[in-house]
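[1] Fold the following, please.
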Amino acid sequence: MPNWKQLGPFGALLGASAALPLLGSGLLLLLVPRLEPLLREGGGAAALAVIVGVALLCGMALLNTQAAALFLGYLYGFWAGLGLVFCGIVLAAWLGFVLAQRLSGRGLEQAIQSRAKLAAVFALLAHDPRHAWTTTALLRISPLVPFASVNVVLAAARVRFRAFLLGTCLGVIPRTVLVVLTGAELASFDPDAPLDQRWRIGLILVSSVLLFVWIGWMTRRALHRRIPVGG
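    This is a model prediction of the structure:
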C-alpha cells in the first residue's frame, strides 16, 4: 500500500471512512430502546426521517449500512425495512461519493503510481465503464469491504457517476436483503416460544453468517480474477 504520509487528506478521509461507522453502529445499538417507540409511532413522517437519517449518517461515514439494515428489518419487518434502507443506502452512496470527490484531491493518484496492482485497479475503474460498474458491484456485494471506504476509493479513482450508481444499486441488494431478513426474524424472537420456533430462528441466523462468509469469499475471488496484476 502507498505510504500514508503521501496520501495527505485522502489518508485521513479513508481511515475515518473505515473507523467511524463502527462507532456510530455501537451508538445506534445503545439508542435502540429510545428510538424504537418513536419510530414505530411516527407513521409516514418517521419513515421519511429514517431514509434521510440513513442517507446522512451512512453517506458521511457515521453509521454502518449493515447496522442500519438490521435495525430497520427489526423495526419495520422485511419488505418495509428493505425498501426504506435501500432508498437510504442509495442516497448515502450519492452523498458519500460527492463529498469524497471534493475532499480527496489528487494525493492518492500520485501515491499509487509505484504500485502496479493499485495502478491497475484505478485504471480499470476509471477508464473502462463496463468494468467500472461490475467492479463497483463486486465491491458492494462483499460484506467485508466498508461501504464508506468504497465511496472514497471510487471517487478518488474518478469513476463515472452512472457506473458508480448502477454498480451500487445492484451490489448492495444481496447483503442488504440478508441483513434485513435477519433483523425481521430477530423481531419475532420469543425466548418462551416452543423449541421448534427457536430452532428456526437460530438456523436462520447461522445460515446468514455462513452466507456472509461465502459471499465475501466469492467476491474476493472474483475481484482477484478481475485484476490479475501481481505485486
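[2] got any ranges where this structure has weak pLDDT?
    Residues of the chain that meet the criterion pLDDT under 70 lie in 1-14, 104-122, 126-127, 129-130, 191-193, 195-198, 227-231.
[3] how close does the residue lying farthest from the centre of the chain sit to R200?
    For the chain, the largest distance from the centre (Cα atoms, centre = their mean) belongs to P194, which lies 35.5 Å off. P194 sits 10 Å away from R200 when distances are taken as Cβ to Cβ, to the nearest Å. Where you see a C-beta, it was placed from the backbone N, CA and C, and this is true even at glycine.
[4] Also A100?
    Distance from A100 to R200, by Cβ to Cβ: 42 Å.
[5] The two: which is more packed in?
    Neighbours around A100 and R200, counted as other Cβ atoms under 10 Å, are more numerous at A100. The numbers are 24 against 15.
[6] Which residue is the nearest non-sequential neighbour of the most centrally placed residue in the chain?
    Centroid-nearest residue in the chain, with Cα atoms, centre = their mean: F147, separated by 3.2 Å. The spatially closest residue to F147, leaving aside those adjacent along the chain, is T65, at 4.6 Å (Cβ to Cβ, 6 or more residues apart in numbering).
[7] Pretty sure that neighbour sits against V180.
    No - using Cβ atoms under 8 Å, T65 and V180 do not qualify as a contacting pair, with a distance of 10.9 Å.
[8] Now do the shared contacts for those two.
    Counting by Cβ atoms under 8 Å, 6 or more residues apart in numbering, the common neighbours of T65 and V180 are V85.
[9] what number of residues lie near L30?
    Counted with other Cβ under 10 Å, the burial measure for L30 works out to 9 neighbours.
[10] OK, contacts around it?
    So L30 contacts nothing (Cβ under 8 Å, 6+ apart).
[11] Figure out the helix or strand that it lives in.
    Remark: L30 resides in helix 9-40, with elements defined by DSSP states H and E.
[12] Tell me the buried residues in the following helix or strand past that helix?
    The C-terminal neighbour of helix 9-40 among helices and strands, as given by DSSP H and E, is helix 43-59. Residues of helix 43-59 classed as buried under the neighbour-count rule (16 or more other Cβ atoms under 10 Å) are 46-47, 50-51, 53-55, 57-59.
[13] thinking again about what came up before, quick one: contacts for the residue nearest to the centre of the chain?
    The neighbourhood of F147, defined by Cβ under 8 Å, 6+ apart, consists of 21, 58, 64-65, 89, 92-93, 96, 140, 172.
[14] Tell me which of the residues you listed fall in helices.
    Cross-referencing the contacts of F147 against helices under DSSP state H gives 21, 58, 65, 89, 92-93, 96, 140, 172.
[15] pretty sure A100 contacts A157?
    No - when contacts are counted by Cβ under 8 Å, A100 is not listed as touching A157 (10.3 Å).
[16] Compute the number of surrounding residues for P21.
    Neighbouring residues of P21 were enumerated by other Cβ under 10 Å; the total is 25.
[17] what do you get for W94?
    Burial of W94 is recorded as 17 neighbouring residues (other Cβ under 10 Å).
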